[in-house]
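In: Next one to model:
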Amino acid sequence: MINEVVENDCRYILKNTSLKRFNKSKVLILGGNSFIASYIQATLSFIKCDITSISLNKPKGLFKEIFHSSKINFHKFDLNNEKKLKKVLTKKFDFIFHCATYGQPKKWENNELSTVNLNINILKLILDHSIKYKSRILYLSSALVYALPKKKSKVISEISELGVGTFPTEKIYASSKLIAEQMCKIYKKKYNLPIYIARPGHTYGPGQNLDDPRVIPQILKRAIREKKIYIYDKGKTVRTWGYIADITMMLLNIIQYGKSTIYNVSGKDYKSVYEICRHVSNIFNINKIQIKKKNLIYTYSKYTVLKLSSKKYQKEFKYRSFISFENGLKRMIEWNSK
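Out: The predicted model follows:
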């Protein structure tokens, strides 16, 4: 049975958008265990469509709940095994979501070749499939393809300057994403295919448990388990945060009705790590936020600001109402207290 918090999010999505094109369709999800893919599958499980999901590991976490509550045709294998993937691709799929590459630095280390292969060679198999079946494809890229702006007040749009990351594994990840994006553009132009690229900002919400290494789950874990809040620098790094239900709705709209190719997919909350701590402290009534000194491996030498604009999406889809950051945090906390 799907958790009540997630079910309410799914019903929120269904109420605020149309999924008519998914009705009686065949959907393929690559990277089914991932955070965003899990929410896509949770939402689609409420309508009549056939979902085929592929993941390296058996269903776990949020996806495990969804899998046991729906009729998903699940395949457990490494997507780098092209022979197995080609066997799945002998069938027609109306929609394909490529969510199969990790967005976490620790996951890239020692997995550089797999990262490149998933972003480029596996994507090519999907694109070739679309030539035959005219599948609608959504490729999940990353906000890491943008160069960090010199002016911290600058807001990044889809036409902003691109970059290739900072530290070595990030450069591999971002570069492979950029190559993948170019492949999508070439196939779309040459074969007139319905292919879309989404560049998500930082996403949070139910499905990220307290052992997740990302910043919000770690802050929540300290507040819930240790009854205190602490971070390892001054928390000045700013990112754009989007609640998972909003992000999922945006992706489902884009793959069905998108008029363009590339979309930033994010909320409208620009929050520093310290500001997140302040929100959590208000919820748990913890007054003190401690600053501890620790050398962080996967971070920047100076604090950075990355403000991602989703105004292109908002204008096209007339989307104005986002779940507030504080409400998103409360839903995430409720899910983790199940």
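
In: now the strands: where do they sit in the stretch 151-300 of the chain?
Out: 155-156, 195-200, 202-204, 229-231, 238-243, 262-265, 269-272, 289-291 (DSSP state E, counting those that start in this stretch).

In: With residue 60 as the reference, name the closest of these.
Out: Proximity to residue 60, assessed across the strands of the stretch 151-300 of the chain by C-beta to C-beta, is greatest for strand 202-204 (18.4 Å). From N, CA and C alone the C-beta is placed, and that goes for glycine too.

In: who touches that closest one?
Out: Contacts made with strand 202-204 from outside it, assessed by C-beta atoms under 8 Å, 6 or more residues apart in numbering, are listed as 35-36, 143, 214, 216, 239-244, 247, 266, 328-329, 332.

In: From residue 6, how far off is the closest residue in space to residue 25 that isn't next to it in sequence?
Out: Leaving aside its sequence neighbours, residue 25 sits nearest to residue 94 (C-beta to C-beta, 6 or more residues apart in numbering; 4.0 Å). Taking C-beta to C-beta, to the nearest Å as the measure, residue 94 and residue 6 are separated by 24 Å.

In: More neighbours: which of the two?
Out: More crowded of residue 94 and residue 6, by other C-beta atoms under 10 Å: residue 6, with 25 against 17.

In: For the more buried one, pull up the helix or strand it's in.
Out: helix 4-16 (DSSP states H and E).

In: what's the closest non-adjacent residue to residue 112?
Out: The spatially closest residue to residue 112, leaving aside those adjacent along the chain, is residue 172, at 4.9 Å (C-beta to C-beta, 6+ apart).

In: How about residue 52: what's its closest non-neighbour residue?
Out: For residue 52, the spatially nearest residue (C-beta to C-beta, 6+ apart) is residue 73, at 4.6 Å.

In: Give me the most central residue, the chain.
Out: The central residue of the chain, meaning the one whose C-alpha is nearest the mean C-alpha position (C-alpha atoms, centre = their mean), is residue 36 at 4.5 Å.

In: on that earlier part again, and what about the residue nearest to residue 52, helix, strand or coil?
Out: The local conformation at residue 73, judged by DSSP: H, G, I helix; E, B strand; the rest coil, is strand.

In: now do residue 132
Out: The three-state label given to residue 132 by three-state DSSP is helix.

In: ok, it - how many residues close by?
Out: Close neighbours of residue 132, defined as other C-beta under 10 Å, add up to 9.

In: And it, how far from residue 126?
Out: Look at residue 132 and residue 126: by C-beta to C-beta, they are 11 Å apart.

In: tell me which element residue 27 falls in.
Out: Assigned by DSSP H and E, residue 27 belongs to strand 26-30.

In: residue contacts, the closest residue to residue 336 other than its chain neighbours?
Out: Nearest-residue entry for residue 336: residue 210, 5.7 Å, with adjacent residues in sequence omitted and distances by C-beta to C-beta, 6+ apart. Residues touching residue 210, when contacts are defined by C-beta under 8 Å, 6+ apart, comprise 217, 220, 221, 224, 225, 336.

In: looking at the chain, which helix or strand is least sure?
Out: Across the helices and strands of the chain, mean confidence by mean pLDDT, DSSP states H and E is lowest for helix 105-108: a mean of 62.

In: residues making contact with the next helix or strand after that one?
Out: Proceeding N to C from helix 105-108, the next assigned helix or strand is helix 112-119, under DSSP H and E. Helix 112-119 is contacted by residues 79-80, 100-102, 108, 169, 172-173, 176-177, 179-180 when judged by C-beta under 8 Å, 6+ apart.

In: Show me which of those is closest to residue 27.
Out: Distances from the contacts of helix 112-119 to residue 27 were compared by C-beta to C-beta; the smallest belongs to residue 100, at 14.6 Å.

In: Would you map the helices across the stretch 101-250 of the chain?
Out: Under the criterion DSSP state H, counting those that start in this stretch, helices of the stretch 101-250 of the chain are mapped to 105-108, 112-119, 121-133, 168-191, 215-225, 244-257.

In: Quick check: which of those helices is nearest to residue 54?
Out: Each of those has some distance to residue 54 by C-beta to C-beta; the shortest is helix 121-133, at 10.2 Å.

In: Which positions in that closest one come out as buried?
Out: By neighbour count, with 16 or more other C-beta atoms under 10 Å as the criterion, the buried positions of helix 121-133 are 122, 123, 126, 127, 129, 130.
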